[in-house]
Structures are given as C-alpha cells and as structure tokens.
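Participant: the following block contains a protein sequence and its predicted model.
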Amino acid sequence: MASRLGLTLSNWWQHRRWYLKIYDVLLRLFALAGVAIVGAWGIFQLGLTNNNGSVDRNYRYLISVDQMQQIDTDTLKADQLDMLWNEQYIRLAAFSKYYPTNAHLILNAMNHCGNPAVANRMLAAAEVYIDHNEEYRSLADKLLRTFRSKPSKPSPNVIPWMDTPEWESLKEAIRADSALINKAGRLCGVEPRLIVGCLVGEQIRLFNSKREIFKQYLGPLKVLSVQSQFSYGVNGIKEHTAIAVENNLYDSTSPYYMGQDYVHLLDFETGDQSSERYRRLVDYRNHLYSYLYTGCILHQTMLQWRRAGHNIENRPDILFTLFNVGFSQSVPKNDPVCGGSHITVNDKIYTFGAIGFDFYYSGELAETFPYWKNTFTDHPVQSITQEQVIEIQHNVSDCKRPEKGLDSPTPTTKPKDSPAVTVLQATEKTDRNEWTTW
C-alpha cells in the first residue's frame, strides 16, 4: 500500500509542470516558516525563555566601590593631593606582589587619569576578588600604617645641602634661565640636565664661599653669580679651556672632535677673539654662551672617553668631575671615581662631582629639565646653519663689564634695564687648589 502510494506521488511529481514544482516548494517553505514563528511566539508567551537571574554574590563589595565618596581634587592642597596619590601607590605596591598583571594595568590607568579618587576605586574594584587573601591585606595595611606614622625627626630633604636657603634661591635663578639652558642643550647635543648639574656645582661653591654676598644680594634677588677674574661666566670656565673647546670643534683629528655638524657652533664675529670671548662669557644678562661652552665640554669629554673604549654617557658623576678638573686631567680609565674641588656646605665637605650627581638624580627641576632617553646626540636634526650662528652671536648683551682681569664691585641695586632675574657679579676666590683625587 505504501509503495503503491509512493509510486503514485512520484509519477504525479514527474508529470507536474516545472513552474508548478517551484510553486509547491515555496508554498511548503512558507508553511514551515509560519509554524516556526507561531511556535516561538507560544514559547515566549508561556514564559519558557525567562531567566530570573540572581543578586551577585559580591554585591555588598560592588555597591561599596560604587558609592565611594567622590573627592574634589580641585579643593585639595598640594600636600593633601600628594598624600592621596602616595597611599594609592603604596596599596598598588602591595597588590603587585600577588597580582602583577592587574597591578601593571591599574598603574598605567592611574598615570593617565590624573585623579587619585579614580585610582582608589580601581584598586577597590580589584580587591573585590581577593577578599580571601589575608597576606595582601596584612601587607597593604602595614605599609599604609608605616607611611602615615610621623617620623621621629622629620627632614624636608634627604640631601643635606639641598635643605638650605642657598638651594631654594638657586632653583629660582636656574628656572629663570631654563629657555637658554634647554636651547644650549639642543645646539650642543647634550641633555640640558647635565649642563644644569655643572651650573649647580659651580653656583653652590660660589654661594658658600661668599656668604655675605649671598645674604645681601644673591639670596634676596635669587640671581646667579657671574665670574670675571680667574674663570668666566656662571659656570666658571677658564679662558684656556674655552680656547681648547673652540679648537676641538675644528680639529677633525682630535679625540674631542664633535663632528662636522657642530664646527661653526662657536664662530666669532670679529678678529679680536680674546675680547669677544670675554664678552660672551662675562655677560650679566644673557648666559647662553656659558651654557654652550659647558655643553661642548661635556660632549667633547664624553667622546674622548668613548673613543678610548670607555662609555661614561650614563655616568653624570664622572662627567661633572671631568668638567671641574679640566681637559688636562681627563685621562680615560677603567675605574674613574667621582671627585673634584671641595665644597663646604654647613660644615660638611662635598666634592664638585658629588654635588652635581646629587642634583642630577634628585628629581629637582625635572619638569623643567627632564631626563632624556639618550644623554647625548651624535648628530643634530640638521647641521648648524649660518642663520643660526648669527642668531647665537646676537646673544651677547651690551651690559657693562669690568676690565678683563679685574673685578668691579657688586652692584647694590637691581639694574633698571635688567630682566626679572638679574645676574650679579661675584668675586671668585681661588679655592680650586682643594681637590679630591679621582
């Protein structure tokens, strides 16, 4: 019976016209689709697809994170804001011991958000999943308690010589010259912070050898001391050193040669190089040339040691020492040590190299003189052009200078035509005969 029915249907289909076959197929497909739609509607109406869900087991922790008080950082003082950030970093340090991947992600986000309240929420949200980790809780609490406890003998600065009025005044004077220092660094291919390290060593030496001058003039006005007798400028560059720097720029056979890009950096305008050099360095209003010569000394000394097989690019203590002792004592060796002239601050003796080293890694003025990835640039973006040379040469003011080889008295009033931070002259004392062997 079934086979006879199947045979009948087969014969019927074979003899059916082609367009009727298409019609039959489409009709059956629409019928199946209709059944499926009606079935789905029925299932939905019966509530068979409902998912009642549940309250998250961490609800009490999640709501506590969400309802954390929003801190208005604009109303906080700088020390309060620092305290908030420090506490988040301390918690993150403990967190990173157990969950370094998450700690790294949170640290990156913290550094970008700029809001300690958000950082606090991020840590609290992560802690939802580690309520069981008592070791972390204990470590974080211990670190926070230690941080919040008051030291028995608080000190504003861990570096003793920086905890002085001289340093506070010097910082302001250095900031005022930041544009010139950064410009000199770019022109010389030297990280400006290295130039400042030399400046700090020389100025701290002068400030503390001239206590009375500092109290009367340098401190109140927050200015740099300019030398004009045995050494020149704010960085105390001797004339024979300046001449050597100039010669090294041109002598391609010298171990100090900086390359063709820098040859014309210190070109002179006149034939009287001695007088022009003196006017460049002994300038009470514009110190660009002092910083250019300093940058060249650092760059040339680094190249001398590199060509001898010794890399001191990341040894600021050695670079500062060599700047202080001069080319004649720059002898490349395997084991150089920090030293230089002695500088006494509050009855404690430091060396020139140590003063510069302390500043370099202190973080002071880092926003003005940031750390470069590479402290020296072998090749500038482009060689020094003639237009740049002329522009550099115009950075010599028409201020009055003492006769070369003599010192004039320190002015008792601030010149009317000077910039906001004036440069005052200070008599250089011959205390450079105190050296530390290096």
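Facilitator: Yep, that arrived. Numbering: from 1, shown residues only.

Participant: so is Phe369 in a helix, a strand, or just coil?
Facilitator: Three-state assignment for Phe369 (DSSP: H, G, I helix; E, B strand; the rest coil): coil.

Participant: which one is it nearest to, not counting chain neighbours?
Facilitator: Using C-beta to C-beta, 6 or more residues apart in numbering and skipping residues adjacent in sequence, the residue nearest Phe369 is Arg193, 4.3 Å away. Using the backbone N, CA and C atoms, a C-beta is placed for each residue, glycine as well.

Participant: and for Tyr136?
Facilitator: That would be Tyr98: by C-beta to C-beta, 6+ apart, it lies 5.2 Å from Tyr136.

Participant: distance of the one you found from Val196?
Facilitator: According to C-beta to C-beta, to the nearest Å, Tyr98 and Val196 sit 41 Å apart.

Participant: and those two? Which one has more around it.
Facilitator: Comparing Tyr98 with Val196 by neighbour count (other C-beta atoms under 10 Å), the higher total belongs to Val196, at 26 against 13.

Participant: surely the more buried one touches Asn182?
Facilitator: No - at 9.7 Å, Val196 does not count as touching Asn182 under the criterion of C-beta atoms under 8 Å.

Participant: residues shared between the contacts of those two?
Facilitator: Phe369 (C-beta atoms under 8 Å, 6 or more residues apart in numbering).

Participant: could I have stretch 345-358 exported to PDB, CA atoms only?
Facilitator: What follows is stretch 345-358, C-alpha atoms only, in PDB (Å, rounded to 0.1, in the frame of the first residue of the first chain):
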ATOM      1  CA  VAL A 345      78.100  73.500  53.000                       C
ATOM      2  CA  ASN A 346      77.100  73.900  56.600                       C
ATOM      3  CA  ASP A 347      80.400  72.500  57.800                       C
ATOM      4  CA  LYS A 348      80.000  69.400  55.600                       C
ATOM      5  CA  ILE A 349      82.500  68.800  52.800                       C
ATOM      6  CA  TYR A 350      81.300  67.700  49.400                       C
ATOM      7  CA  THR A 351      83.100  67.400  46.100                       C
ATOM      8  CA  PHE A 352      82.000  69.100  42.900                       C
ATOM      9  CA  GLY A 353      81.100  65.800  41.200                       C
ATOM     10  CA  ALA A 354      79.000  64.700  44.200                       C
ATOM     11  CA  ILE A 355      77.000  68.000  44.200                       C
ATOM     12  CA  GLY A 356      76.200  67.600  40.500                       C
ATOM     13  CA  PHE A 357      75.400  63.900  41.000                       C
ATOM     14  CA  ASP A 358      73.100  64.700  43.900                       C
END
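
Participant: ramachandran coordinates for the closest residue to Pro332 other than its chain neighbours?
Facilitator: Closest residue to Pro332 apart from its sequence neighbours, by C-beta to C-beta, 6+ apart: Ala308 at 3.6 Å. For Ala308, the backbone dihedrals (degrees, to the nearest 10) come out as phi -90, psi 0.

Participant: distance of Ala308 from Ala244?
Facilitator: For Ala308, the distance to Ala244 - C-beta to C-beta - is 17 Å.

Participant: same thing with Gly326?
Facilitator: With C-beta to C-beta as the criterion, Gly326 and Ala244 are 9 Å apart.

Participant: which one's more surrounded, these two?
Facilitator: When Gly326 and Ala244 are compared on other C-beta under 10 Å, the one with more neighbours turns out to be Ala244, at 19 against 16.

Participant: the residue nearest to Phe369 against Thr368, yeah?
Facilitator: No - using C-beta under 8 Å, Arg193 is not in contact with Thr368; the gap is 9.1 Å.

Participant: these two: which is more packed in?
Facilitator: With neighbours defined as other C-beta under 10 Å, Arg193 and Thr368 compare such that Arg193 has more, 23 against 17.

Participant: which residues of the stretch 301-438 of the chain fall in strands?
Facilitator: All strands of the stretch 301-438 of the chain, identified by DSSP state E, counting those that start in this stretch, fall at 340-345, 348-351, 424-425, 435-436.

Participant: Ala33 is nearest to which of these?
Facilitator: strand 348-351 (90.6 Å; C-beta to C-beta).
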